[in-house]
Structures are given as structure tokens and as C-alpha cells.
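Q: Got a predicted model here, sequence first, then my questions.
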Amino acid sequence: MRLLLLHGWGATGDDLAPLGHELARRLGALGTTLQVHSLAAPDPHPAGGGARQWYPLDLGRPGWPDCPEAARLALRRRLEAELAEAGTGPVVVLGFSQGGAMALEAALALPVAAIISCSGYPHAGGLRPPDTNHAADTKHAAPSVLLLHGRHDPAVPAAALGQLQQDLQAAGVPVEALLFPGEHTIPAEAVDAMASFLGRINATVGD
């Protein structure tokens, strides 16, 4: 199984690497090999110092942001390259914050096994429905999705989880959701849920 990590706004490409290593350790203990690939966002963040962004955010604008088409297509091409390299092996996309939003934006219509979005948010344009033409390749009409969010998140309101869950269910996408008592972070409770989810995905599609 291949796990693709998409970091948050203002982080670096290796920001989620420790999480990937921990998930690989846990699945390895169960006899599953997890190949972890961290993807760096293409654009420099205004903060500098190596920080990156998937697209610029206007923090003063009300409502959920729009996802630029160029950003969506660029990430989709990178994910398609990872899928081609993985061959028949299952691929899971895991994103945090802006990376979580981009995971749903770019991967939902691809033949990935699953998507994990932690502290993500919906884009103003709404979800793009899964491409069911890929169902025969993945044993899924749509990728399974795990949503996680801190109840007291000051950066991305927890209401994002509810809206994403509702939109995914309306699109016929299998979705699980966990609201944990934290902020804009990935606590042990979220890591436990991710590891359990990945184990179940692997048992379904194989590694």
C-alpha cells in the first residue's frame, strides 16, 4: 500500500513525515508494508523559510476558499503519476488542513483506495463527484473517506467536517467521521483512527 501525504498551508513537504513513519510502523506490525511518499506543495508561502502552499489563501475573505483550477490539475497530475508507479497496489491520499481540502479536491475522482482528510475544509465550488468509470480498477465505485477534525479548531471551524460529511454522503461516497476534543492538530486519537482505517482498507483491497 502506498500512502501519499499532503501537508497544510505554510508547512513543508516533510511536515507529515513523522506521522507517515508512525502509520508505517503500526501497519508493519500487522504484516502490511506501507510506502510513504510526502508531496511538497508547488508554491512558496508568504512566510518564507521553505514554507509551501497548494494555493494562496485570502484569510480576510469570508466563507470557504475557492480552489484554483490550475492547483487542482497540477496535483491531479502528480497523483496520477503516483498511481501509475504504484501499479495495481492500493494508494491512499492523506492530507492535513489545506492538504486535506486538496486531497478531496484532486483525488476523489481518481482510482485511489481511500482518502483521509484531517482538519480539512470544503471548497466554495463544492465537491467533484467520483469517477465511477474507475470502479472496476479499484473494487470501489468511490474511494472510502475518513474525516477527522478537532472540536475546538481555531484555524478551520469544526463545522467543516459536518459539511464535508454531508456532501460526501450525498455523492454516494463511503465516509467515516471523527470529531476529537482537540484543536488544529493531529493527536494520538486521530492517529489511532487513521491506523485502524488503513488496516481495514488494506484488508479490503490488499497490498
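A: Yes, it's here.
Q: From here on, just use CA atoms for contacts and neighbour counts.
A: Noted.
Q: Quick one: find the helix or strand in this protein with the lowest mean pLDDT.
A: Lowest by mean pLDDT, DSSP states H and E among the helices and strands of the chain is helix 135-138, with a mean of 43.
Q: Downstream of that helix, the next helix or strand is which one?
A: Helices and strands here follow DSSP states H and E; after helix 135-138, the next one along the chain is strand 144-150.
Q: Now stretch 23-37: buried residues?
A: 23-27, 32-34, 36-37 (16 or more other Cα atoms under 10 Å).
Q: From the chain's centroid, how far away is that stretch?
A: Put simply, stretch 23-37 sits 18 Å off its chain's centre (Cα atoms, centre = their mean, to the nearest Å).
Q: thinking Leu164 is in contact with Tyr121, fair?
A: Yes. Assessed by Cα atoms under 8 Å, Leu164 is found in contact with Tyr121 at 7.1 Å.
Q: Could you tell me which of the buried residues of stretch 23-37 are located in strands?
A: Counting by DSSP state E, the buried residues of stretch 23-37 place 36-37 in strands.
Q: possible to save the buried residues of stretch 23-37 as CSV with pLDDT and distance to Leu108?
A: Output for those, formatted as CSV (pLDDT from 0 to 100; distance: Cα to Cα, whole Å):
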residue, pLDDT, distance to Leu108
Leu23, 97, 22
Ala24, 96, 23
Arg25, 96, 27
Arg26, 95, 26
Leu27, 93, 24
Thr32, 89, 24
Thr33, 92, 24
Leu34, 93, 21
Val36, 96, 19
His37, 96, 18
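Q: Okay, and which of the buried residues of stretch 23-37 map to helices?
A: If you go by DSSP state H, these have 23-27 in helices.
Q: Can you lay out the residues you listed as CSV showing distance to Gln53?
A: Listed next are those as CSV, based on distance: Cα to Cα, whole Å:
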residue, distance to Gln53
Leu23, 24
Ala24, 25
Arg25, 28
Arg26, 29
Leu27, 29
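Q: nearest to Leu94, of these?
A: Closest to Leu94 out of these is Leu23 (11.3 Å), distances taken as Cα to Cα.
Q: Isn't that closest one up against Ala195?
A: Yes. Counting by Cα under 8 Å, Ala195 is a contact partner of Leu23 at 5.9 Å.
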